[in-house]
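Enquirer: Any chance you could fold what I've pasted below:
(one chain, ligands or ions: 2)
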Amino acid sequence: MSLIVAENISKDYQVVATKVSKDYQTGEVLVRALRDVSFEIEPASFVSFVGPSGSGKTTLLNLIGCLDKPTQGNLTVVGTDILKLDRHQSAQFRGDNLGFIFQDFNLIPVLTVFENIEYPLIIVKNTAAGERRKRVMAVLEAVGMADQKDKYPDQISGGQKQRVAVARALVSDPKLVLADEPTANLDSKTAYTIINLMKKMRDELKSTFIFSTHDQKIVGEAEIIYSLADGELVDKQVKGGKQNG
Ligand SMILES: Nc1ncnc2c1ncn2[C@@H]1O[C@H](COP(=O)(O)OP(=O)(O)O)[C@@H](O)[C@H]1O
Ligand SMILES: [Mg+2]
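Expert: Ligands and ions are numbered 1, 2, ... in the order given. Below is the predicted model:
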């Protein structure tokens, strides 16, 4: 046991969660959304957290995404102890290291496809115009949406919107991409396409991808699958027999 711990510490993990718990207090009611969750995620992994509604997936992704803090436990993301960051530092950390993909795409309706992807480079990164154009076009090509760049979100399909959202998440070259139920609003064929696009981008960019889903079919596309039930981590499956940890 002590040997395993020593080995884990020496590795360069992207996420290390140690006995992470999260409680929500609403009035008199205490909800234990996560209980003593521990895991490590290696760089360039393609990982899924699966579980039914209410099992704690969004809570966990929000903690990894530095949008909220654990009630108890330790959480290191991209080598940073996220409990030590204040609000301002958390925002900076997210902009520098993380990309987000959402269930409902979260595109800005008044901006074109191109402008939606460019937006984080303007507000977070303050990238110069020429460089912005180069990077936006590169990610648009990568997700197969370059020819749609001047359209508005309401002129493209759900699958195309999620391609744009994948491009937007990747434009700032994040080390870690978090996607909370990215396929929940897509038909199953498009869902597979999006998950496999994410996997292709992982192969090319070597970023780590973590997605959540309640869909048992989609989760099979992940290489490492963690199962959540009632806020507890109840199973870990590693595809291809490459068991790590
Ligand atoms: N902001 C909140 N306040 C109170 N309870 C919450 C809040 N967010 C989530 N919960 C509760 O925490 C549990 C886990 O929720 P969630 O992380 O959203 O699960 P999932 O994403 O798997 O559906 C649920 O019981 C949910 O009702
Ligand atoms: Mg959720």
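Enquirer: Pull out the buried positions in stretch 19-37.
Expert: Buried residues in stretch 19-37, defined by neighbour count with 16 or more other Cβ atoms under 10 Å: 20, 22, 33, 34, 35, 37. Every C-beta, even on glycine, is put in place using the N, C-alpha and C of the backbone.
Enquirer: Is the helix or strand where the fourth one lies positioned near ligand 1?
Expert: Meaning residue 34. In the assignment (DSSP states H and E), residue 34 maps to strand 29-41. Yes: Strand 29-41 is in contact with ligand 1 by Cβ under 6 Å from any ligand atom, via 31, 33.
Enquirer: Partner strands of that strand and their direction?
Expert: Paired strands of strand 29-41, with direction, are strand 15-26 (antiparallel) (DSSP bridges).
Enquirer: Report whether the strand it pairs with contacts ligand 1.
Expert: Yes: using Cβ under 6 Å from any ligand atom, we find that strand 15-26 touches ligand 1 at 24, 26.
Enquirer: Look through this protein and state the residue closest to ligand 2.
Expert: The nearest approach of the chain to ligand 2 comes at residue 58, 3.2 Å away (Cβ to the ion).
Enquirer: Look up how far residue 94 lies from that residue.
Expert: Between residue 58 and residue 94 the distance is 16 Å, computed by Cβ to Cβ, to the nearest Å.
Enquirer: Those two: who's more crowded?
Expert: residue 94 (22 against 19; other Cβ atoms under 10 Å).
Enquirer: and the closest residue to the more buried one other than its chain neighbours, how many neighbours?
Expert: Of all residues not flanking residue 94 in the chain, residue 66 sits nearest, at 5.4 Å (Cβ to Cβ, 6 or more residues apart in numbering). Residue 66: 23 surrounding residues under other Cβ under 10 Å.
Enquirer: now swap in residue 196 and tell me
Expert: 11.
Enquirer: what do you get for the one 3 residues further on?
Expert: With neighbours defined by other Cβ under 10 Å, the count for residue 199 comes to 15.
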